[in-house]
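1. sequence-free structure coming up:
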């Protein structure tokens with residue numbers, strides 16, 4: 001019987017990944033539904049001890065990559081936000097044949113996209129888009145597997161599997177990071193680096209272990225400057241915690257703190273000049289500027305409130321960004337019934353995290369001191385997000401929570417076992433329902449359409465054709481965009497997703513590039529009479545445009561509501577492919 005379940009496990013892994021690819025490429029919602037349903041079924045089988053432990057890593061990788069591919073493959077063009085700007089710098093390197101590291105923009109400093117992606121495109125003779133869509137997600141997909149291998153030594157195979165499943169269920173993993181290629185690559189090296197730090201049972205000599213940590217930290221840093229700062233935060237923060245564990249609790253710390261300190265120094269000596277040199281020193285300026293700014297916010301005296309936002313220097317719950325308000329329960333009474341149910345599930349997972357965290361600390365002897373140090377530092381990130389609202393502006397709350405879960409996810413499962421006494425109940429009553437919300441299944445089942453505020457998570461693959469949550473571009477959109485670039489039609493106004501699409505070819509928006517976004521409530525002022533206007537096929541067919549209203553938030557308005565008809569009055573269509581159009585300046 002075990003052999004049959006083993007075969008079933010491998011088959012499920014293969015089918016989930018196949019359906020994810022087919023669902024994305026065919027833009028088939030029924031196939032995506034089936035894929036998500038099979039993921040829930042596979043996790044339930046694990047909870048009921050039906051899938052052998054040998055299959056777990058393969059099943060984890062299949063679920064991980066499936067969740068990423070069912071998003072990245074829904075369009076022949078790129079999907080997401082940052083990724084369009086990343087494409088611009090990758091394409092520059094591809095066309096020039098070399099990397100111009102002097103271009104002063106943070107995306108250009110990320111060698112993962114400005115060097116690695118175009119190199120692979122040339123090596124394999126494929127379009128850059130497909131390196132972004134297929135290769136970069138592979139790096140992110142391996143992270144849950146590494147986490148599983150790290151956790152299973154401390155908490156066992158099944159709890160480790162369920163911990164990783166929860167990590168993948170948080171929508172940042174497949175909803176946000178699929179559009180940030182530099183973090184997909186950089187985070188892989190970050191996790192691998194810290195895995196080498198935690199995995200003290202390795203047979204590597206200390207010198208080789210530190211060399212591996214140094215090399216992986218550098219790869220993380222050059223891939224994405226935020227990952228470099230994160231590596232230093234974790235490794236440097238671990239030293240005082242390990243010193244306390246060694247001298248106060250007499251824990252057996254196997255890491256040589258002297259060599260670790262030297263390794264961190266070597267990382268900083270390499271990374272700081274690198275960040276100060278590439279991209280005109282913008283990365284170093286960004287890091288120091290944001291940290292200094294937040295420190296000033298926390299220590300300065302309150303300033304007068306002239307913006308409706310809580311005064312700087314004075315803590316107020318109103319300063320939190322929308323996703324933090326969800327986590328803290330500050331908007332519970334403002335949402336509908338599905339929103340309330342989702343928040344209750346979110347609060348339960350957070351409560352389990354606290355309970356499991358206390359259990360971990362009280363039973364510290366069962367766990368590696370190195371892992372405990374990283375767990376405590378992950379808790380530090382969450383605490384900073386709660387009590388220092390401005391801190392989340394450095395990255396954003398969802399990505400900080402995602403990074404914290406890399407080491408704190410097991411606490412949720414351990415807390416669930418303590419409270420519910422059973423992994424089966426935890427899986428069926430908490431983990432799978434939570435995944436049904438975060439995967440966008442409930443968003444579609446309840447036919448939600450308002451994404452101008454945080455209610456419940458949406459799905460890029462299930463919802464993008466119904467609600468304009470991300471840009472799904474057509475061949476005609478591409479033809480019109482290329483014509484605009486070829487004929488240098490600037491200044492150009494367009495909506496949020498039209499701007500992202502144009503940014504792939506002309507860079508960031510603003511005076512320098514001549515690209516402008518429509519401004520909500522200010523269409524007449526934002527579209528000058530001498531501007532050209534780019535309308536995607538979706539805009540013209542549905543007679544609506546989309547505005548950016550916050551991290552993960554968009555607002556779609558009809559042409560009539562937004563005043564587009566007045567803005568288009570007196571303009572001629574100067575180029576058209578299908579329903580995608582370019583309008584000329586007003587006569």
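-> Structure's in. What do you need? Small disclaimer: the values here were computed from a predicted structure and weren't measured.
2. which residues of the stretch 401-550 of the chain score low on pLDDT?
-> Within the stretch 401-550 of the chain, the stretches falling below the threshold (pLDDT under 70) are 509-512, 521-522, 524-525.
3. can you give me the helices in it?
-> In order along the chain, the stretch 401-550 of the chain carries the following helices (DSSP state H, counting those that start in this stretch): 423-426, 432-438, 441-445, 460-463, 475-486, 496-506, 523-526, 537-542.
4. Single out the most deeply packed of those helices.
-> Comparing these by mean neighbour count (mean count of other C-beta atoms under 10 Å), helix 460-463 comes out on top with a mean of 25. From N, CA and C alone the C-beta is placed, and that goes for glycine too.
5. who does it touch, helix- and strand-wise?
-> helix 29-47, helix 56-72, helix 441-445 (3 or more C-beta pairs under 8 Å, 6 or more residues apart in numbering; DSSP states H and E).
6. Need the outlier residue of this structure, farthest from its centre.
-> For the chain, the C-alpha lying farthest from the average C-alpha position belongs to residue 587; by C-alpha atoms, centre = their mean, that distance is 44.4 Å.
7. Could you tell me the model confidence score at it?
-> On the pLDDT scale, residue 587 is placed at 78.
8. three-state assignment of the residue nearest to it when sequence neighbours are not counted?
-> Taking C-beta to C-beta, 6 or more residues apart in numbering, and ignoring the residues beside it in sequence, residue 587 has residue 570 as its nearest neighbour in space, at 5.8 Å. Following DSSP: H, G, I helix; E, B strand; the rest coil, we place residue 570 in the coil state.
9. mind checking the longest helix of this structure?
-> In the chain, ranked by residue count with DSSP state H as the criterion, the top helix is helix 337-362.
10. buried set for the host helix or strand of residue 561?
-> When elements are assigned from DSSP states H and E, residue 561 belongs to helix 559-562. Of the residues in helix 559-562, those buried under the neighbour-count criterion (16 or more other C-beta atoms under 10 Å) are 559, 562.
11. Low-confidence regions, the stretch 101-250 of the chain specifically.
-> Low-confidence segments of the stretch 101-250 of the chain, defined by pLDDT under 70, are located at 200-204.
12. switch the cut-off to 50
-> Within the stretch 101-250 of the chain, not a single segment meets pLDDT under 50.
13. which residues in it form helices?
-> Along the stretch 101-250 of the chain, counting by DSSP H, counting those that start in this stretch, helices occupy 106-109, 111, 117-124, 128-130, 136-155, 157-169, 181-198, 206-223, 225-247.
14. The shortest one - contacts with which helices or strands?
-> Put plainly, it is helix 111. Contacts of helix 111 with other secondary structure elements, assessed using 3+ C-beta pairs under 8 Å, 6+ apart, are absent: no helix or strand is involved.
15. CSV please, covering the helices of the stretch 101-250 of the chain and showing mean neighbour count and distance to residue 487.
-> Compiled in CSV, the helices of the stretch 101-250 of the chain are given as follows (neighbours: other C-beta atoms under 10 Å; distance: least, C-beta to C-beta, whole Å):
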stretch, mean neighbour count, distance to residue 487
helix 106-109, 25, 26
helix 111, 23, 33
helix 117-124, 18, 26
helix 128-130, 19, 23
helix 136-155, 21, 32
helix 157-169, 24, 45
helix 181-198, 25, 29
helix 206-223, 21, 36
helix 225-247, 20, 36
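16. Please identify which of those is closest to residue 78.
-> With C-beta to C-beta, the closest approach to residue 78 among the helices of the stretch 101-250 of the chain belongs to helix 128-130: 5.9 Å.
17. contact partners of that closest one?
-> Contacts made with helix 128-130 from outside it, assessed by C-beta atoms under 8 Å, 6 or more residues apart in numbering, are listed as 76-78, 87, 90-91, 94, 117-118, 121.
18. Just among the residues you listed, which is most surrounded?
-> Taking other C-beta atoms under 10 Å as the neighbour criterion, residue 90 ranks highest of these with 31 neighbours.
19. circling back to that earlier point, can you pull the contacts of the residue farthest from the centre of the chain?
-> With contacts taken as C-beta under 8 Å, 6+ apart, residue 587 has the following neighbours: 570-572.
20. Quick one: low-confidence residue ranges for the stretch 251-400 of the chain.
-> Across the stretch 251-400 of the chain, the ranges flagged by pLDDT under 50 are 302-313.
21. what ranges do the helices span in it?
-> Using DSSP H, counting those that start in this stretch, the helices assigned to the stretch 251-400 of the chain run over residues 257-277, 282-299, 322-328, 337-362, 369-387, 397-420.
22. if we can go back for a sec, any idea which of the contacts of residue 587 the model trusts least?
-> Note: of the contacts of residue 587, the lowest pLDDT belongs to residue 570, at 90.
23. Tell me the spacing between the residue most central in space within the chain and residue 162.
-> The structure's the chain has its C-alpha centroid closest to residue 177; by C-alpha atoms, centre = their mean the separation is 2.7 Å. For residue 177, the distance to residue 162 equals 21 Å [C-beta to C-beta, to the nearest Å].
24. And residue 20, by the same measure?
-> In this structure, residue 20 and residue 162 are 21 Å apart, going by C-beta to C-beta.
25. for residue 456, same thing?
-> Relative to residue 162, and taking C-beta to C-beta, residue 456 is found at 23 Å.
26. before we move on, the earlier item: of all the helices and strands packed on helix 460-463, which lies closest to residue 181?
-> Residue 181 sits nearest to helix 56-72 of all the helices and strands packed on helix 460-463, at 9.7 Å, using C-beta to C-beta.
27. residues in contact with the helix or strand that the closest one is followed by?
-> Scanning forward in sequence from helix 56-72, with DSSP H and E defining helices and strands, the next element found is helix 82-96. Helix 82-96 is touched from outside by 78, 99-100, 103, 105, 107-108, 110, 113-115, 117-118, 121-122, 128-129, 131-132, 178-182, 500-501, 503-508, with contacts defined as C-beta under 8 Å, 6+ apart.
28. okay, now the domains of the chain?
-> Annotated domains of the chain cover 2-302+315-445, 475-583 [automatic domain parsing].
29. follow-up on the earlier one: so which other helices or strands are in contact with the longest helix of the chain?
-> Applying 3+ C-beta pairs under 8 Å, 6+ apart, one finds that helix 337-362 contacts helix 322-328, helix 369-387, helix 397-420, helix 432-438.
30. For the second one, give me every contacting residue.
-> Put plainly, it is helix 369-387. Contacts of helix 369-387 with the rest of the structure, by C-beta under 8 Å, 6+ apart, involve 150, 154, 194, 197-198, 200, 233-234, 237-238, 241-242, 245-246, 251-255, 315, 324, 328, 357, 360-361, 364, 391-392, 397, 400-401, 403-408, 411.
31. Contacts only, for the spatially closest residue to residue 323 that is not a sequence neighbour.
-> Once its chain neighbours are removed from consideration, residue 323 has its nearest residue in residue 397; the separation is 4.8 Å (C-beta to C-beta, 6+ apart). Taking C-beta under 8 Å, 6+ apart as the criterion, residue 397 is in contact with 320-321, 323-324, 327, 385.
32. circling back to that earlier point, among the helices of the stretch 101-250 of the chain, which comes closest to residue 493?
-> Put simply, out of the helices of the stretch 101-250 of the chain the one that sits nearest residue 493 is helix 106-109, at 23.0 Å, with distance taken as C-beta to C-beta.
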